[in-house]
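Engineer: need a 3D model of the following:
(2 chains, ligands or ions: 2)
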Amino acid sequence: MSDTISKTVFHADNITKTFPGVVALDEARITLLEGSIHALLGENGAGKSTLIKVITGVHQPDSGIMTLNGQVFEPHSTRDAIAKGVGVVHQERNLIPRFSIAENIFLEKLSAHPMRPINYRQLFRDARKWLDLLGIDADPSLPVSRLSVAKTQLVEIAKALSLNSKILLLDEPTASLTSHETDTLFAILRRLKSDGVSLMFVSHKLEEVQEICDQVTVLRDGRNACESRPLAGLDRQAVVRLMIGRNEQIPDWSARDRSGEETVLELKNVATSLGHKGIDLSLHKGEIAGLYGLVGAGRSELAKAILGKYAITDGSVLLHGKKVEIKSVADAVGKYRIGYVSEDRKSEGLILLHSVLENVGVPVWRRLANLFAPLTNRAIREHTEPYIRKLEVRTPSLDQNMGNLSGGNQQKVSVAKWLAAEVQILIIDEPSVGIDIKTKAYLHELIRELSDQGTAILLITSDMPEMIALADRIIVMNDYQVRGEISNTRVYDTMSQGIMNLIQGEDMSAEEAAPAAS
Amino acid sequence: MAIDVRHNQSDAFKDMMANTSQQDAPPRFSITRILLSNEFGLLVLIVLFATIFATISPAFLSKFSLYALGRTAAVNIMIGFSMMVVIITGGLNLSVGAIGVSAAMFSGLLMESFGMPWPLAVAGGLAVGAALGAINGIIIVRTGLHSFIITLATMSIFFGIMIFLTHAESYRGISPVFTGFGRMKLFSIISPLLLVTIVVALGLSVLFRFTALGREFLATGANERAAELSGIRVQRMITYCHMLSGVLAGVAGLMLVSRTGAAIPSMAGQLGQDWLLPAFLGPVLGGTLLTGGRVSVLGTLLGSFLVTMLTTGLLLMQVGAFWVQTYLGLLLLFAVLVDLVRRSYLQRRKLI
Ligand SMILES: Nc1ncnc2c1ncn2[C@@H]1O[C@H](COP(=O)(O)OP(=O)(O)OP(=O)(O)O)[C@@H](O)[C@H]1O
Ligand SMILES: [Mg+2]
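Structural biologist: Ligands and ions are numbered 1, 2, ... in the order given. Predicted coordinates for the structure are as follows:
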């Protein structure tokens, strides 16, 4: 133990928590030190979020003891935990969509004095401070519902930071951030650490963990695979072995060129009602084309315009060489066989109220049902199960409510649903957000297999290694325009440099286009 | 092992899912699940109150009393269904009464003034129900306004137009075959109307469980944005639900015509408001989520039946009609509280 000087601030001993059919935590232990960043790692469903929820009073443990500064700590609600100096950023967004950014950030403070009139000028000014700190370029009076997924996540972080907690628990705060925003966040976390704050950090991106954390706890099936030990001396593969019991598989796919195949989708000089201009883009049979860009480049929006959710105001869309007008998402899915995996699983990808089976089957219901045979769960199960199985979705049964699955497992279902849909063109938006490294490899295999079977795939991801592992060709977007494209040599350094050069172009301000850290 | 209820699961998958939990997974048809369900709670309440009523007033179990109870319940359940199919979309339909009466009046008109055979007249009435429901649905999806506002307005409009066209007169020239249906007794206690309701209930169950359409209704109600991006025509689904609501309201109206032998403009009260209480109580007691996306056909059936039974029982005990509403309200509050206690008890015992 090198860090013997640091004081223990928090300790959880033998925490057990069960849900019907699931032991989420099985005598889990963790110790947090002052001025330290503690990594909490584990596969999807290992119990990380559950532990955080127990510490912050969302769940009451079945058994076990927690101490805070040497005293017994039994928070009965989040508010109680906050009052005792424990702040949290949960994995799922918990903001109020119709409230402004500023109101959301200061919700706790405002609700402490419900009768006091709100000074909005002051509120917006205070919020501005936090937004600037995190580099969020948005008006504090804007309702949160108008923000992108990444910005919503940043607002959530700002909200937690504004509480000035002595202990701050961050559950996958970087899941939907690009490397640029992550760097900004890490600078803040380092400063908090040197101020003596005790931080806990959950992430499936091990590069990040190794960059910023000093202590580590690994959970496996709710039990400690290791407890509160220094990260120094553990290399990436050692951490991976603790998490999944074996080494990481790194696929070694050679570069592939599918540009000779039939052009399945082509955009010519397309403009949309959202502000895209002069978009030229083509996608070939059996190809994986990557669409890269910084947050706010307009990639997801372009995907939705192709699907018919937003209007295309100029130019033409060609499917198999024929000009088409896609009027609704239903047409895109039913008639033209185009699918879209949303980056926002909670509000656009899944129906949390319904079961796993009901979610995964939505796109195939119409095809499996006909006048003479009823649509049975059995038929849906037969059709979708191979994908659920391949992605190792952890659930006590397929009848489990979607909302009870861990975040990463929800994400798996949201992707599996479209992999099973047998579409001709699949647009995949940030597929591996929150998915553990083991399943990520399986997911990549599935995507690659699908393209080998002829599906044309447009991959949107901010995860540069993922992009370089999967894409045959990378199209770079910025500011609602296509900046250029390069074919993927699968050499990480030259590729990421090439992509960043395209993003920066001539007219970008140098500040915004900070190069991505690997 | 609990998981082997499901068929066709490869062993690897079973193992994987079993490994997830050190405990057994909750099986689909476990006793605790049944005990916890809303439907079971309602069944208990129905038995409980039936026993109380039968003890206080033996007439409650007489053949005639049971027959009348079934007949009234048949209509109330249908009214509950009519609201239920809109609640699942996260909306509501305040115009159920107005639509039901309008449909019934139209059938009455077809039979009396045009001398149409009753099956055609019934079809005509149901078509009016569907059309009025479609009007609701189309306005709601086009304007994007909440169904509360729209159906509040159409309630007055539909009812007003109906009164204007019929001059507030009743149609009494109803086909005797049709009215005979509402007065017939099977095995001396069962009303054919109850059979109609049961057939409709089965139909709705099949719709929500075994058809893509029914599942798409529920998906739309649970998360409209996700449903749309999954390729569901959400606007059309909402419109269909309102049409279905109109048809079911029409069926309820026609059942009343068959029972009373006349189509009367005031049969659902001013603006059809008398139907609102049964319309909401059935689905809500039955566990249909007011926010949409979850349905229980059996629950609505039992919920509406319970409400009907409470009303009948109280009237039988000669509680003044004036007090019935008050008692009904209190009993419902009691019922909901009992349900709450039952759930939290089971939850604390970790049975959920
Ligand atoms: N409210 C709940 N009801 C039932 N089961 C639950 C509930 N919350 C969590 N679980 C189960 O507990 C287990 C642990 O979940 P948890 O969310 O802690 O995982 P996690 O480690 O955070 O995973 P991820 O990396 O996917 O976020 C999972 O199997 C999950 O399905
Ligand atoms: Mg989690």
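Engineer: okay, CA-based contacts and neighbour counts for the rest of this
Structural biologist: OK.
Engineer: residue ranges of the strands in the stretch 1-150 of chain A, please?
Structural biologist: Remark: strands assigned in the stretch 1-150 of chain A by DSSP state E, counting those that start in this stretch are A:8-19, A:22-33, A:36-41, A:63-68, A:71-72, A:86-89.
Engineer: wait, A:T461 sits on A:E430?
Structural biologist: Yes - with contact defined as C-alpha atoms under 8 Å, A:T461 reaches A:E430; the gap is 4.6 Å.
Engineer: between those two, tell me which one has more neighbours.
Structural biologist: Legend: neighbour count by other C-alpha atoms under 10 Å in any protein chain shown for A:T461 and A:E430, higher for A:T461 (25 against 22).
Engineer: return the helix or strand in chain B with minimum mean pLDDT.
Structural biologist: Taking mean pLDDT, DSSP states H and E as the measure, helix B:11-20 is the helix or strand of chain B with the lowest mean score, a mean of 37.
Engineer: what residue is smack in the middle of chain A?
Structural biologist: Nearest to the mean C-alpha position of chain A, counting by C-alpha atoms, centre = their mean, stands A:V433 at 3.0 Å.
Engineer: hang on, it packs against A:A175?
Structural biologist: Yes - in terms of C-alpha under 8 Å, A:V433 counts as a neighbour of A:A175; the distance is 5.5 Å.
Engineer: hey, which of the strands of the stretch 1-150 of chain A is tucked in deepest?
Structural biologist: With neighbours defined as mean count of other C-alpha atoms under 10 Å in any protein chain shown, the strands of the stretch 1-150 of chain A peak in mean count at strand A:36-41, which reaches a mean of 27.
Engineer: tilt between it and strand A:22-33?
Structural biologist: Calculated by axes from the mean of the first three to the mean of the last three C-alpha atoms, to 10 degrees, strand A:36-41 forms an angle of 160 degrees with strand A:22-33.
Engineer: contacting residues around strand A:36-41?
Structural biologist: A:32, A:48, A:193, A:196-204, A:209, A:212-219, A:228, A:243 (C-alpha atoms under 8 Å, 6 or more residues apart in numbering or on different chains).
Engineer: correct me if wrong: B:L43 contacts B:L302.
Structural biologist: Yes - applying C-alpha under 8 Å as the test, B:L43 and B:L302 come out as touching, 7.1 Å apart.
Engineer: of the two, which one has the most company?
Structural biologist: B:L302 (26 against 15).
Engineer: just give the closest residue to residue 298, not the sequence neighbours.
Structural biologist: Picked chain A for this. A:Y480 (4.8 Å; C-alpha to C-alpha, 6 or more residues apart in numbering or on different chains).
Engineer: actually chain B
Structural biologist: Per C-alpha to C-alpha, 6+ apart, closest to B:L298 is B:E39, 6.9 Å.
Engineer: give the next helix or strand downstream of the one helix or strand the one you found maps to.
Structural biologist: Assigning secondary structure by DSSP states H and E places B:E39 in helix B:38-56. Downstream of helix B:38-56, the first helix or strand assigned by DSSP H and E is helix B:63-87.
Engineer: helices or strands up against that following helix?
Structural biologist: Secondary-structure packing of helix B:63-87 (3 or more C-alpha pairs under 8 Å, 6 or more residues apart in numbering or on different chains; DSSP states H and E): helix B:96-112, helix B:192-210, helix B:234-260, helix B:276-286, helix B:297-316.
Engineer: can you check the pLDDT for the closest residue to B:L207 other than its chain neighbours?
Structural biologist: In space, and not counting its chain neighbours, B:L207 is closest to B:G214: 5.0 Å by C-alpha to C-alpha, 6+ apart. On the pLDDT scale, B:G214 is placed at 95.
Engineer: near ligand 2, which residues of the stretch 301-450 of chain A?
Structural biologist: A:G407 (C-alpha under 5 Å from the ion).
Engineer: in the stretch 301-450 of chain A, what residue lies closest to ligand 1?
Structural biologist: Using C-alpha to the nearest ligand atom, the single residue of the stretch 301-450 of chain A nearest to ligand 1 is A:G408, 3.2 Å away.
Engineer: doesn't that residue lie inside a strand?
Structural biologist: No - counting by DSSP: H, G, I helix; E, B strand; the rest coil, A:G408 is not found in a strand; it is helix.
Engineer: from what I can see it touches A:K48, true?
Structural biologist: No - A:G408 lies out of contact with A:K48 (C-alpha under 8 Å); the separation is 11.0 Å.
Engineer: for the two, indicate the residue with more neighbours.
Structural biologist: A:K48 (27 against 22).
Engineer: let me know whether the more buried one touches A:V54 as I believe.
Structural biologist: No - contact criterion C-alpha under 8 Å: A:K48 and A:V54 do not qualify, at 10.0 Å.
Engineer: poorly predicted segments of chain A, please.
Structural biologist: Within chain A, the segments meeting pLDDT under 70 span A:1-5, A:371-372, A:506-518.
Engineer: please see if stretch A:221-229 touches chain B.
Structural biologist: Yes - using C-alpha under 8 Å from any C-alpha of the partner chain, stretch A:221-229 reaches chain B at A:D221.
Engineer: what residues go with each domain of chain A?
Structural biologist: A:8-244, A:251-337+A:425-518, A:351-422 (automatic domain parsing).
Engineer: would you list those domains in CSV and tack on distance to B:L92?
Structural biologist: Conversion of these to CSV gives the following (distance: least, C-alpha to C-alpha, whole Å):
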stretch, distance to B:L92
domain A:8-244, 23
domain A:251-337+A:425-518, 25
domain A:351-422, 19
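Engineer: so what's residue 154 up against?
Structural biologist: With no chain named, the answer covers chain A. So, once contact is read as C-alpha under 8 Å, 6+ apart, A:L154 ends up touching A:134, A:136.
Engineer: ah, I was thinking of chain B
Structural biologist: B:95, B:136.
Engineer: what about it, which helix or strand?
Structural biologist: Counting by DSSP H and E, B:T154 is found in helix B:147-166.
Engineer: the very next helix or strand once past that helix: how far from the chain's middle?
Structural biologist: Using DSSP H and E, the next helix or strand after helix B:147-166 towards the C-terminus is helix B:176-183. How far helix B:176-183 lies from its chain's middle: 23 Å, per C-alpha atoms, centre = their mean, to the nearest Å.
Engineer: what does helix B:176-183 contact?
Structural biologist: B:118, B:191-193, B:255, B:257-261.
Engineer: of all the residues in it, which ones are buried?
Structural biologist: By neighbour count on 16 or more other C-alpha atoms under 10 Å in any protein chain shown, the buried set for helix B:176-183 is B:178-179, B:181-183.
Engineer: list the residues that contact the closest residue to A:G64 other than its chain neighbours.
Structural biologist: Sequence neighbours aside, A:I15 is the residue nearest to A:G64 in space, at 4.2 Å (criterion: C-alpha to C-alpha, 6+ apart). If you count contacts by C-alpha under 8 Å, 6+ apart, A:I15 has them with A:25-29, A:61-65.
Engineer: what are the bridge partners for A:I15, then?
Structural biologist: When bridges are called by DSSP bridges, A:I15 pairs up with A:A28.
Engineer: for it, give its distance to A:G47.
Structural biologist: Distance, A:I15 to A:G47, using C-alpha to C-alpha, to the nearest Å: 11 Å.
Engineer: now do B:V196
Structural biologist: 51 Å.
Engineer: equivalent analysis for B:L35, please.
Structural biologist: 29 Å.
Engineer: of those two, who's got more company?
Structural biologist: Legend: neighbour count by other C-alpha under 10 Å for B:L35 and A:G47, higher for A:G47 (26 against 17).
Engineer: residues near residue 212, how many?
Structural biologist: Defaulting to chain A. So A:I212, with other C-alpha under 10 Å, has 17 neighbours.
Engineer: hmm, no, I was thinking of chain B.
Structural biologist: Based on other C-alpha under 10 Å, the number of other residues close to B:A212 is 21.
Engineer: now do the contacts for it.
Structural biologist: A:365-366, A:369, A:375.
Engineer: since we're on A:I244, how many residues are nearby?
Structural biologist: Neighbours of A:I244 (other C-alpha under 10 Å): 18.
Engineer: ignore the last one, B:I163
Structural biologist: Neighbours of B:I163 (other C-alpha under 10 Å): 17.
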